[in-house]
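>>> build me a model:
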Amino acid sequence: MRIFLFWLMVVFSIASCSNNKKNSSETDQSVADPNHTTAPVPQSTAALQALLKPFDPLLGSFVGPFGRNKITLLIIKVTKDSVVGRTIVGGNDRPFYGTYYKEGGSYFFNAKEPGDHKDDGEFNFVFDEAHPDILKGSWKPFAKGREGKEYELQRKAFKYNPDAGYYPQASQRLLKPEDVENEMKEDLEFMRNEIFARHGYCFNRYDMRQQFEMEDWYVPNTVDIKGFLTDIEKKNIALIKRYEKYADEYGDEYGR
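Predicted coordinates for the structure are as follows:
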């Protein structure tokens, strides 16, 4: 009986060693096999973000002078070979679509607006990885006889700020008659339109655009203000408009 148990233990020991060698061999083979690869592990959150969303650094809103107007150029979507975006300038909100190629650390974009508007054209701009907050380029109109434009834009996202402007109270609280009754008609008009400007409204009127595009806080962001105004702002706009009409009708009587 003792002899039988002895030989049984010997057989079990030999079988165990054989399995261990086989497993070790398979493990070594998987490490040494050049065809057996695993994805590199990112060393930081930033590296992981770059791996999962490589085009995110290209996206964003860029703002700056565009001829006699201020333009906001938004890069909305970038794939491995295409770009989608929109521009807000001169009271217009226009989409664009195009392609790009990369050379060194720079991305060279070519994008076109639909062409069904008199002010549509073709954009060419460069995004440099060394200067991710600057966009440089040119624009060529489709319409013959019109001049193109060159631009250098700074990355700047629109953000609604009720404290911005000369009359921030018009967005902060309900106005009282005494807040507006002694104002000039031009000042009342400016106060009312400043509410729209705080929401990034891009004005059709050039004289109105001029007044706000000189302000650093102003970022053209939309041509449709519906749905953005607060209840306080709506009531203040109505009040201001009433006093605009009053100032227009009776202004001369009081030396305005």
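>>> now do the same for Ser138: helix, strand or coil?
Recorded secondary structure, Ser138: strand (DSSP: H, G, I helix; E, B strand; the rest coil).
>>> beta partners of it?
Bridge pairing for Ser138 (DSSP bridges) gives the partners Asn124, Glu150.
>>> touching, it and Lys149? I think so.
Yes - with contact defined as Cβ atoms under 8 Å, Ser138 and Lys149 form a contacting pair (6.8 Å). Placement of C-beta: from N, CA and C, glycine included.
>>> higher neighbour count, the two?
Between Ser138 and Lys149, counted using other Cβ atoms under 10 Å, Lys149 has the larger neighbour count: 19 against 14.
>>> which residues does that one contact?
Phe66, Gly67, Ser138, Trp139 (Cβ atoms under 8 Å, 6 or more residues apart in numbering).
>>> what's the farthest-apart pair in those?
Of all pairs drawn from the contacts of Lys149, the greatest distance, 11.6 Å, lies between Gly67 and Ser138 (Cβ to Cβ).
>>> buried set for stretch 105-121?
Buried positions in stretch 105-121, judged by neighbour count with 16 or more other Cβ atoms under 10 Å: Tyr107, Phe109, Ala111, Lys112, Glu113, Asp120, Gly121.
>>> stretch 63-80 too?
For stretch 63-80, burial by neighbour count (16+ other Cβ under 10 Å) applies to Val63, Gly64, Phe66, Asn69, Lys70, Ile71, Thr72, Leu73, Leu74, Ile75, Val78.
>>> columns distance to Phe96 on top of the contacts of Lys149, output as CSV?
CSV is the format used below for these (distance: Cβ to Cβ, whole Å):
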residue, distance to Phe96
Phe66, 14
Gly67, 17
Ser138, 14
Trp139, 10
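>>> nearest to Glu213 among these?
Proximity of the contacts of Lys149 to Glu213 (Cβ to Cβ) peaks at Phe66, which lies at 9.8 Å.
>>> correct me if wrong: the closest one contacts Tyr151.
Yes - the criterion here is Cβ under 8 Å, and Phe66 meets it with Tyr151 at 5.3 Å.
>>> list the residues that contact both of the two?
Applying Cβ under 8 Å, 6+ apart, one finds that Phe66 and Tyr151 are jointly contacted by Trp139.
>>> give me the sheet partners of the helix or strand where Leu73 lies and which way each runs.
Using DSSP states H and E, Leu73 sits in strand 69-78. Sheet pairing of strand 69-78 (DSSP bridges) gives strand 60-66 (antiparallel), strand 82-89 (antiparallel).
>>> show me the one of the ones you listed that comes nearest Arg192.
Arg192 sits nearest to strand 82-89 of all the strands paired with strand 69-78, at 20.7 Å, using Cβ to Cβ.
>>> residues contacting the following helix or strand past that closest one, please?
Remark: after strand 82-89, the chain's next helix or strand is strand 92-103, criterion DSSP H and E. With Cβ under 8 Å, 6+ apart as the test, strand 92-103 has contacts from 78, 81-87, 107-114, 117, 119-120, 123, 202, 222-224.
>>> show me what counts as buried in strand 92-103.
Going by neighbour count (16+ other Cβ under 10 Å), the buried part of strand 92-103 is Asn92, Asp93, Arg94, Phe96, Gly98, Tyr100.
>>> ok so Ala170 is a strand residue?
No - counting by three-state DSSP, Ala170 falls outside a strand, being helix.
>>> gap between it and Phe142?
Ala170 is 40 Å from Phe142, where distance means Cβ to Cβ, to the nearest Å.
>>> can you check Asp231 too?
Plainly put, Asp231 is 42 Å away from Phe142 if you go by Cβ to Cβ.
>>> who's more crowded, the two?
Applying other Cβ under 10 Å to Asp231 and Phe142 shows that Phe142 carries more neighbours, namely 16 against 8.
>>> that one against Gly121, yeah?
Yes - Phe142 is within contact range of Gly121, at 5.4 Å (criterion: Cβ under 8 Å).
>>> between the two, what contacts are shared?
Here Phe142 and Gly121 share the contacting residues Glu113, scored by Cβ under 8 Å, 6+ apart.
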